[in-house]
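Q: pasting the sequence and the predicted model now:
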Amino acid sequence: MVGNSNRVDTFETIKIQPEIPMFQSPFEIHKVRLPPQRTTLQKLRLRLSEIFFPDDPFHGFKNQTWIIKFLLALQYLFPIFQWGPQYNLKLLRSDIVSGLTIASLAIPQGISYAKLANLPPIIGLYSSFVPALIYSILGSSKHLAVGPVSIASLVMGSMLSESVSYNQDPILYLKLAFTSTLFAGLFQASLGVLRLGFVIDFLSKATLVGFMAGAAIIVSLQQLKGLLGILHFTNKMQIVPVLASVFKQRDEWSWQTILLGISFLAFLLTTRHISMKKPKLFWISAAAPLTSVILSTILVFSMRHKIHKIAIIGELPKGINPPSSNMLFFNGPYLALAIKTGLVSGILSLTEGIAVGRTFASLRNYQVDGNKEMMAIGLMNIAGPCCSCYVTTGSFSRSAVNYNAGAQTAVSNIIMASAVLVTLLFLMPLFYYTPNVILAAIIITAVIGLIDFQVAYKLWKVDKLDFLACLCSFFGVLFISVPIGLGIAVAISVFKILLHVSRPNTLVLGNIPGTPIFHNLNQYKDALRIPSFIILAVESPIYFANATYLQERILRWVREEEEYVKANNGSMLKCVILDMTAVTDIDTNGIDTLCELRRRLEQKSLQLVLANPVGSVMEKLHESNILESFGMKGLYLSVGEAVADISSSWKAQP
């Protein structure tokens, strides 16, 4: 139980201060004051402001003319107007280099990730074109490169394939994919407009590390279909069915496909390793996927009459994104599936996009507005389904390449989109002989980076509960399913919050010799107990979720203290001081608990004293009229003043 660890294990280790710590005489007792009086409406306004506008986005609008306010609003909604006027040729040169560099990665990844979502490869290229243009206008990150990503593609593919097969009903599957993307965008944009970004914070880093690692392994195992040349493969996403399908279809293994796949996989992993060891050589791993596509396509084309067992992409249609708004549906038996898939993939893609944007912003010392990013990513995914795009967000691998290539603004996304446009208009026939095995190798190389052993080890060292959450989400993805694994991750995160809320930390404080400072006895071994006092601290708000626990825990501390005093013939316990410095709030349950605690202690002839309640707590205690029952000696500004004043009153008694 939380709080038990703060108890000193043996009485022999306890040190007791022989004398009461006193201030310079005569010491002054300060009165605990109420905060400035505010109306209920003012309190509500302040509280809502702290919840939804912690960054005070309207600060710059104060004392401005209407024209300036209009321009500031335009810059806030469309960040391109903020940096656009200062854009110059030097920035353009850097953005062209970085844009072309990420295009060399985005084109093969777009094709590969569309296959991962069980969609036609061309959809991946469509999704690398329009969303990038939208983000360049609305996004606040200078380095985020947007497009399809592996995890969102995997989740969408796995959830939709459980009910509909693309091979059996491709039109319905496309409708579901586009409709799911629309709901993902609506959800993301709504979070941004309503400033509810804290919702995605319920996915803790620990659970995401486990989820990403599990999903990366599932994605890699699914690519064995292409790596081994298997034609008939399971649609299930759990590790056991996937491995069973691999070995069950041994007669379909193609040695030509295996040889080609392993060769290029080794090439891709080697280039990735080189770029990780020497970041200045980032361009090697960035160019490796497109190089692999070109070389493998040339190889298969030149040997097309001798090699027949290597599956190829085949014909891809030329031209820009065709309209697809007619494929969206808002009724029917599959609507619930589309909504559920959209919400899950939307949460994951939003979490990844914002995390990636903030990561690279911190490296260049600028700020990414989370709510703007939610609106930008949301509008990308609202517009995308109307032009044959599926769910997109900021990609870590492409953003890392974009950052290392020297991107200065979001124009790099426009350059990338332009390169994709050229590819869509003129270069699609060149992908006809591209082998599927290369796409599998590209996906495996990309998702391997999602398995972070160092972070998992750090979780084990720092917080065992975080590590347990990481393991649960990891095994949930591997052995149950990707959506349920995500659900387990969220459930564990919420459980952890509830655990900390309902079982807050309580401490026994002692005096640091020669000072009026009181601190945790376990943390400071030289801290001394005060005779006849037990000083306790609560490190959380006191409200309905933990009030009963805190009452029981405090009474237990008192009982153990009395047992110690009795066993060691110490000074009889007379006073319990509750340090409320870390109690940020209290509700009616908490107030009732304090009243009940005071009554229970009085039955033991013990005095309950409150020290340093914060403004909001003091205000509620005053409004509830319970302070009168505590009396003149029941409320102090600090623990030190409480100890000094109460002990002096004891000495004054005959």
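A: Happy to help now that I have it.
Q: contact partners of the helix or strand of the chain with the lowest mean pLDDT?
A: Least confident helix or strand, the chain: helix 40-52 with a mean of 79, by mean pLDDT, DSSP states H and E. Identification of contacts with helix 40-52 by C-beta atoms under 8 Å, 6 or more residues apart in numbering yields R38, L194, R195, L196. Glycine gets a C-beta too; all of them are placed from N, C-alpha and C.
Q: then stretch 186-200?
A: Contacts of stretch 186-200 (C-beta under 8 Å, 6+ apart): 52-53, 342-343, 346-347, 349-351, 354, 370-379, 381-382.
Q: same check on stretch 474-486?
A: So stretch 474-486 is in contact with 154-155, 158-159, 210-211, 213-215, 217-218, 237-240, 340, 344, 347-348, 473, 487-489, going by C-beta under 8 Å, 6+ apart.
Q: and that stretch, what's buried?
A: If you call a residue buried by 16 or more other C-beta atoms under 10 Å, then stretch 474-486 has these buried ones: F474, G476, V477, L478, I480, S481, V482, P483, G485, L486.
Q: so which of the residues you listed is the closest to M327?
A: Minimum distance to M327 across the buried residues of stretch 474-486 is 23.4 Å, recorded for P483 (C-beta to C-beta).
Q: could I get the contacting residues of L208?
A: Contact partners of L208, counting by C-beta under 8 Å, 6+ apart, are T351, S473, A489.
Q: got phi/psi on the closest residue to G147 other than its chain neighbours?
A: Leaving aside its sequence neighbours, G147 sits nearest to S128 (C-beta to C-beta, 6 or more residues apart in numbering; 4.3 Å). Dihedral pair for S128: phi -100, psi 0, per degrees, to the nearest 10.
Q: repeat that for I535.
A: Per degrees, to the nearest 10, the backbone of I535 is at phi -110, psi 120.
Q: so what's the closest residue to it other than its chain neighbours scoring on pLDDT?
A: Leaving out its chain neighbours, the residue that sits closest to I535 by C-beta to C-beta, 6+ apart is L509, at 4.2 Å. On pLDDT, L509 comes in at 91.
Q: tell me the buried residues in whichever strand or helix holds L509?
A: L509 belongs to strand 506-511 when elements are defined using DSSP states H and E. Under the neighbour-count criterion of 16+ other C-beta under 10 Å, strand 506-511 has T506, L507, V508, L509, G510, N511 buried.
Q: restrict that strand to CA atoms and write it as PDB.
A: The C-alpha coordinates for strand 506-511 follow below in PDB (Å, rounded to 0.1, in the frame of the first residue of the first chain):
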ATOM      1  CA  THR A 506       1.700  10.300   3.200                       C
ATOM      2  CA  LEU A 507       4.900  11.200   5.100                       C
ATOM      3  CA  VAL A 508       6.100  11.600   8.600                       C
ATOM      4  CA  LEU A 509       8.100  14.800   9.000                       C
ATOM      5  CA  GLY A 510      11.000  15.600  11.300                       C
ATOM      6  CA  ASN A 511      12.900  18.700  12.100                       C
END
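Q: which other helices and strands contact that strand?
A: Under the contact definition 3 or more C-beta pairs under 8 Å, 6 or more residues apart in numbering; DSSP states H and E, strand 506-511 sits against strand 518-520, strand 533-538, helix 547-568.
Q: neighbouring strands for the helix or strand just after the last one, and are they parallel or not?
A: Toward the C-terminus, helix 547-568 is succeeded by strand 575-579 as the next helix or strand (DSSP H and E). Partners of strand 575-579 in the sheet, by DSSP bridges, are strand 533-538 (parallel), strand 607-611 (parallel).
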